[in-house]
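Visitor: below is the sequence, then the predicted model.
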Amino acid sequence: MLREPSISIVQLEELAVFSTYGAGAVMDTFYAGAILAALLCGLVFSRRSATVLFLMAAVACLITGLIEPNTFWAKATNEGLVTLMLLMLCAVALERLPWLGLLSRGIDSPNRYLAVARITAVAASTSAFLNNTAIVAALAQVMRRSRYHLPSQLLLPLSYAAILGGTLTLIGTSTNLIVSSFLADRRGAGLAFFDFLWVAGPVVLVVCTLLVMLSSRLPKRAVAQEERSEYVLEAVVEREGGLVGMTVREAGLRELESLYLSEIVRGEQVITVVSPLEVLQSGDRLNFVGDIRDASRLTQIKGLTTFASEQGLMQPALTEVIVAPGSVLNGRTPKEMGFRARFDAAIVGLQRDGETVSGKLGRTSLKAGDLLVLATGEDFAQRKNLGRNFYVLSDDLDVRLMDSKQGVLVTLALIAVIAFSALGGLSLSVGLLALLVGFWLSDVVSVDDLRRRFPFDIWILVASALVLAQSLVDAQLIGTVMSFIIPAVDNQTPLIGLALVFLLTLMLTELVTNNAAAALMFPIGYGLAESLGIDVMPFVLAVAFAASGSFLTPYGYATNLIVQNIGGYTRGDYLRFGLPISVAYSVGILFMLSLIYL
């Protein structure tokens, strides 16, 4: 006797459709997971910039069909992202306000605690409204010339205070605006101007006080002033010059009072212990360690060509710069970048991690935070690409400051835009657009200024991160991840989940920079809050605050990189001084978030 089939034809068709759909969903989840894993590995282990890696991930999402083309392009015009772009362009004018220079004149004091207190007060208050990297670069110039204290005793509190101040408002740091743009993308409205202040205000006050109290733990290097002027200076033995065949002693290279011949680079051979009897050969590259101000001594030795004169800079001016995060130079050598033609300058000195760097300067891969001394030509100051690639530390290349009347008008205009935005009378993006047009029409900024400073890297990174986040949600990857996390935190208080998101973001920001950490952790924090059925706001703010809380390494935040070589700090200095700051900041933020929202 034949058994009747237990499943009808209709049910089989439905099962086939479901299986096909389920297989497609599984493949989408697999693709999304693979792209995310590859991105994380690239951010941690690759030398490529976060911008390039996020763009590659976004394009991979498009190619694999995780996101539709029209959605892909729409992310580039997200209102939060547009607001971020407008703010960074307005910052070109705001950096020229005269008030920062006036405030900085009264910072120094014979009392170290008072000096650090003034530094933290000025840096934190101004960073709430202005670009914190520009503030740190400007104040670092003042602090390195302190009459009473070594730079190493002042500059790390400056960086940390600027980071803390940036957490106070929506426009205080690009990270806050990036998180706001993600929130606007998910629910149509971003964060309000002072959403950050109620949480961060008390925490910043307490942590800044702790900065002052712990300033005695900062390194006191008696030779810090001298170390700052010591670089590797490179010169080459001319092929037809009189030094060929002479010993180091006969050439007089042992009699340079402030310059020491540290090594000879001969082809692929590097002679690190140079004997006075070493015979010089044609084409030898000689690396001297010493005072950069005495580089001209090398030009007086016949038969020896300095790197600057080799590049066609016969009577150069010397200019100190820091390689900026996001610079096209990061991870590339001056030779392959055509440094001389690009900047009308040649590198004559290089410091990294507080130490001089040896080898062929033209073939040394540069890194963000490197402190360079450049021999510059007449056209250097007019180059359009300086702001993208360097923080210029030389006084004679400071940006054009406004006069007092312009400063008052610009300040009042900024206050008006902030007030209208905070009261809900005007969207921040519209206000910033009007402000930027006003700056342009009044000749406060020029088209060249805006073109030179347009933040392409940030635009591409955030737009790509928005694409990636949408793809992770649509592919059900976030839901899958939440299905593993929820059982572990379901019976716990929401504070456990909040702390988990905060700490994961905090660890990521030390590894992959603040903006990348915010972009990666926002979908997880938002998804966890939705899965727990609670308000998303504390989780969104936790991502923003943690992504800005980089106090343990020089690489997590641009301001830490700026002060690293100027102050002669090692990575251990950041860990020793930054650990109690990081702990106090983390505990304070989590306490305030739970007090207000949970």
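Guide: Sure, I can see it.
Visitor: hey, where'd the helices end up in the stretch 301-450 of the chain?
Guide: 307-310, 334-337, 339-343, 386-389, 404-423, 428-441, 447-453 (DSSP state H, counting those that start in this stretch).
Visitor: go on, the stretch 101-250 of the chain?
Guide: 112-127, 132-143, 155-166, 174-187, 197-213, 224-228.
Visitor: C-terminal to the helix or strand harbouring T480, which secondary structure element comes first?
Guide: Using DSSP states H and E, T480 sits within helix 477-489. For helix 477-489, the following helix or strand on the C-terminal side (DSSP H and E) is helix 494-512.
Visitor: which stretches of the stretch 451-598 of the chain have low pLDDT?
Guide: 490 (pLDDT under 70).
Visitor: how about the strands in it?
Guide: Per DSSP state E, counting those that start in this stretch, the stretch 451-598 of the chain carries no strands over any range.
Visitor: quick one on the thing from earlier: so which of the helices of the stretch 101-250 of the chain is the most packed in?
Guide: helix 155-166 (a mean of 29; mean count of other Cβ atoms under 10 Å). (Each C-beta comes from the backbone N, C-alpha and C, glycine too.)
Visitor: just to revisit the earlier point, same list, the helices of the stretch 101-250 of the chain, but as JSON lines with mean pLDDT please.
Guide: Compiled in JSON lines, the helices of the stretch 101-250 of the chain are given as follows (pLDDT from 0 to 100):
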{"stretch": "helix 112-127", "mean pLDDT": "92"}
{"stretch": "helix 132-143", "mean pLDDT": "81"}
{"stretch": "helix 155-166", "mean pLDDT": "94"}
{"stretch": "helix 174-187", "mean pLDDT": "87"}
{"stretch": "helix 197-213", "mean pLDDT": "95"}
{"stretch": "helix 224-228", "mean pLDDT": "42"}
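Visitor: nearest to L511, of these?
Guide: Closest of the helices of the stretch 101-250 of the chain to L511 is helix 174-187, at 15.2 Å (criterion: Cβ to Cβ).
Visitor: ok, and what's touching that closest one?
Guide: 75, 78-81, 83-84, 87-88, 166-167, 169-171, 189-191, 196, 458, 462, 465-466, 469-470, 514-515, 518-519, 522-523, 526, 536, 540-541, 543-544, 547-548 (Cβ atoms under 8 Å, 6 or more residues apart in numbering).
Visitor: end-to-end on stretch 305-322?
Guide: 25 Å (Cα to Cα, to the nearest Å).
Visitor: ugh, wrong one, I meant stretch 181-196
Guide: 15 Å.
Visitor: quick one on the thing from earlier: mean pLDDT lowest for which of the helices of the stretch 301-450 of the chain?
Guide: Here these differ in mean pLDDT, and the lowest is helix 307-310 at a mean of 64.
Visitor: how about the helices of the stretch 101-250 of the chain, which one is nearest C61?
Guide: helix 174-187 (14.8 Å).
Visitor: the nearest residue to T64 once chain neighbours are set aside and A57, how far apart?
Guide: Nearest residue to T64, sequence neighbours excluded (Cβ to Cβ, 6 or more residues apart in numbering): Y31, at 4.6 Å. Note on Y31: its distance to A57, by Cβ to Cβ, to the nearest Å, is 11 Å.
Visitor: more neighbours, those two?
Guide: Of the pair Y31 and A57, A57 is the one with more neighbours under other Cβ atoms under 10 Å, namely 24 against 19.
Visitor: now do the SS call for the more buried one.
Guide: helix (DSSP: H, G, I helix; E, B strand; the rest coil).
Visitor: retrieve the pLDDT associated with it.
Guide: 92.
Visitor: can you pull out the strands in the stretch 251-400 of the chain?
Guide: 259-266, 269-271, 285-291, 304-306, 317-323, 345-352, 355-356, 371-376, 390-392.
Visitor: related to what we said a few turns ago, what residues of the helix holding T480 count as buried?
Guide: 477-478, 481-482, 485, 489 (16 or more other Cβ atoms under 10 Å).
Visitor: turn the helices of the stretch 301-450 of the chain into CSV, columns for distance to L158 and mean neighbour count.
Guide: Output for these, formatted as CSV (distance: least, Cβ to Cβ, whole Å; neighbours: other Cβ atoms under 10 Å):
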stretch, distance to L158, mean neighbour count
helix 307-310, 32, 22
helix 334-337, 29, 16
helix 339-343, 27, 18
helix 386-389, 21, 18
helix 404-423, 23, 16
helix 428-441, 27, 18
helix 447-453, 23, 14
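Visitor: now tabulate the ones you listed in a markdown table and tack on distance to L103.
Guide: Output for those, formatted as a markdown table (distance: least, Cβ to Cβ, whole Å):
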| stretch | distance to L103 |
| --- | --- |
| helix 307-310 | 37 |
| helix 334-337 | 37 |
| helix 339-343 | 31 |
| helix 386-389 | 23 |
| helix 404-423 | 12 |
| helix 428-441 | 22 |
| helix 447-453 | 23 |
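Visitor: I264 is nearest to which of the ones you listed?
Guide: helix 307-310 (14.7 Å).
Visitor: if we can go back for a sec, dump the helix holding T480 to CSV, keeping only the CA atoms.
Guide: Extracted in CSV, the C-alpha atoms of helix 477-489 (Å, rounded to 0.1, in the frame of the first residue of the first chain):
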residue,chain,number,x,y,z
LEU,A,477,24.9,40.4,10.1
ILE,A,478,24.2,42.8,13.0
GLY,A,479,21.1,40.7,13.9
THR,A,480,23.2,37.5,13.8
VAL,A,481,25.9,39.1,16.1
MET,A,482,23.2,40.3,18.5
SER,A,483,21.7,36.8,18.7
PHE,A,484,25.0,35.7,20.3
ILE,A,485,25.4,38.8,22.5
ILE,A,486,21.9,39.2,23.8
PRO,A,487,21.8,35.9,25.8
ALA,A,488,24.9,37.0,27.6
VAL,A,489,23.5,40.4,28.7
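Visitor: list of residues touching that helix?
Guide: 29, 32-33, 36, 472-473, 496-497, 500, 523-524, 527-528, 531-532.
Visitor: from those residues, pick the one nearest D379.
Guide: L36 (45.0 Å).
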